[in-house]
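Trainee: Fold the following for me, if possible:
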Amino acid sequence: MQTPYGHLTYCTNIHPGENWDAHFKQLQLHIPLVKAALGPDQPFGIGLRLSNKASLELSKEAALQEFKDWLQQQGCYVFTMNGFPYGGFHNVTVKDQVHVPDWTTGDRVTYTIRLFRLLAALLPEGMEGGVSTCPLSYKLWNRCAEEKASVTESATLNLLLVVEQLARIRRSGGPLLHIDIEPEPDGMLENSQEYIDWYFQQLMPAGIPFLSDKLGVTEDAAAQMLKDHVQLCYDVCHFALAYEQPEAVLNIMRQYGLKIGKLQISAALKALLPAAGSQERANVIDAFRTFNEPTYLHQVIARTGNGYTHYPDLPEALADAENPQVQEWRSHFHVPLFIDHYGLLSATREDIQQVLALQQTQLFTTHLEVETYTWEVLPPDLKLPMDQSIARELAWVQQQLEL
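Mentor: Below is the predicted model:
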């Protein structure tokens, strides 16, 4: 929906359905109910998530026309897509396979270009569109510096193939489309500094001559194309896990003249850890243990007395629970926004409130997307009917923006 601070929606990766027919049925079931709860007379924006299979099926002319007709009938529109998960995302073990295929592969390039062509066909006239994507690759697959450098170089060159297509679409009179890179713990790009280092040390040096040659433009024009078409997906959960303050992230992005294509509004779990060996600490660890489920990665970043310790998943953190150096845990979980405490654990909701307050002060993006996708794997007492949950999430964000 349109707000004074941008288009607000939720990501449909909350809904199962890896083929288009199944996913479309989920949209037809849930979106009219959510729209009715929030503003039946207002156009409702959709943050569409399509698996590779669903994107192939929606690319067929009849399916795409049927979807466009439905959007018009329902008073809905698509302005952003989640192109991070390529394959199954529900009822399968996802874990680090969420990065497969990574940006070193042609499959990731082809899939992402297909998403952009669909988005260009669906996007309302005069509106910009974005597709968020994985942070090049998964860092833990590449242990040594040489492997990481090789993967990053290959991924960057493949990403530029997409940027070229986006620039051509815009030059031919099409919409402004941007690929929104989403840093994540243990991704090849984890935080704002790694993103900026990559942007200026690899993307720009490779991209400026590439675009100049392919499109016959000046180096300055090529540099501007990169800044227009490659933007940051600011997932609040991910940056909170990295202990980055929202204002600091926005300041450094502004300092370097880089754009934020999408704000993904999501919350992590966190807790201060009492003294090692104490019953209080054991109780906090047990509270985290109730969230130890086998579907998604739940990376933990622990704050210690002299820095940070990274655990690739919650089981590894649980195995090191009595480490006396650890003072705080933050775990990747995308818990509901409207709940602040989960027993002895709390959410990083304050980071969301801070970033939304900054958006009110100085708009840094026009795409706001709630991305709570862990409803299926929450403890039973935290589960609510899906439509009520989604509407409550969006209403909570609206309330923050109106404060």
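
Trainee: mind listing the strands in the stretch 301-403 of the chain by residue range?
Mentor: For the stretch 301-403 of the chain, the strands defined by DSSP state E, counting those that start in this stretch occupy 307-311, 326-335, 341-342, 345-347, 367-370.

Trainee: Give me whichever of the ones you listed is most buried.
Mentor: Sort the strands of the stretch 301-403 of the chain by mean neighbour count, taking mean count of other Cβ atoms under 10 Å, and strand 367-370 sits at the top with a mean of 26. Yep, even glycine has a C-beta here, placed from its N, CA and C like the rest.

Trainee: Convert that one to PDB, retaining C-alpha atoms only.
Mentor: Extracted in PDB, the C-alpha atoms of strand 367-370 (Å, rounded to 0.1, in the frame of the first residue of the first chain):
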ATOM      1  CA  HIS A 367      10.200   0.100  -1.000                       C
ATOM      2  CA  LEU A 368       9.200  -1.200   2.400                       C
ATOM      3  CA  GLU A 369       8.700  -5.000   2.800                       C
ATOM      4  CA  VAL A 370       7.900  -6.900   5.900                       C
END
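
Trainee: what's that strand packed up against?
Mentor: Where contact means 3 or more Cβ pairs under 8 Å, 6 or more residues apart in numbering; DSSP states H and E, strand 367-370 is packed against strand 6-10, strand 76-82, strand 260-265, helix 386-402.

Trainee: Kindly recompute the last result at 10 Å.
Mentor: Applying 3 or more Cβ pairs under 10 Å, 6 or more residues apart in numbering; DSSP states H and E, one finds that strand 367-370 contacts strand 6-10, strand 44-49, strand 76-82, strand 129-133, strand 230-235, strand 260-265, helix 349-361, helix 386-402.

Trainee: three-state assignment of residue 190?
Mentor: At residue 190, secondary structure determined by DSSP: H, G, I helix; E, B strand; the rest coil is coil.

Trainee: Just give me the neighbour total for it.
Mentor: The criterion is other Cβ atoms under 10 Å. On that basis, residue 190 has 21 neighbouring residues.

Trainee: Quick one: residues contacting the closest residue to it other than its chain neighbours.
Mentor: Counting by Cβ to Cβ, 6 or more residues apart in numbering, residue 190 lies nearest to residue 183, which is 5.5 Å off, once chain neighbours are set aside. By Cβ atoms under 10 Å, 6 or more residues apart in numbering, the contact set of residue 183 is 134-136, 189-195, 198, 232-235, 238-239, 241-242, 244.

Trainee: repeat for residue 257
Mentor: 223, 224, 227.

Trainee: likewise residue 350?
Mentor: 240, 246, 267, 270, 340.

Trainee: Go through the residues you listed and flag which are in strands.
Mentor: 267, 270 (DSSP state E).

Trainee: Grab the CA positions of stretch 187-199 and hand them over as PDB.
Mentor: Only the C-alpha atoms of stretch 187-199 are listed here, as PDB (Å, rounded to 0.1, in the frame of the first residue of the first chain):
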ATOM      1  CA  GLY A 187      27.100 -14.500   3.100                       C
ATOM      2  CA  MET A 188      30.100 -13.400   0.900                       C
ATOM      3  CA  LEU A 189      28.800  -9.800   1.800                       C
ATOM      4  CA  GLU A 190      27.800  -9.700   5.500                       C
ATOM      5  CA  ASN A 191      27.600  -6.100   6.500                       C
ATOM      6  CA  SER A 192      27.800  -2.500   5.300                       C
ATOM      7  CA  GLN A 193      31.600  -2.400   5.200                       C
ATOM      8  CA  GLU A 194      31.900  -5.500   3.200                       C
ATOM      9  CA  TYR A 195      29.200  -4.300   0.800                       C
ATOM     10  CA  ILE A 196      30.900  -0.900   0.300                       C
ATOM     11  CA  ASP A 197      34.400  -2.500  -0.100                       C
ATOM     12  CA  TRP A 198      33.000  -4.800  -2.800                       C
ATOM     13  CA  TYR A 199      31.200  -2.000  -4.500                       C
END
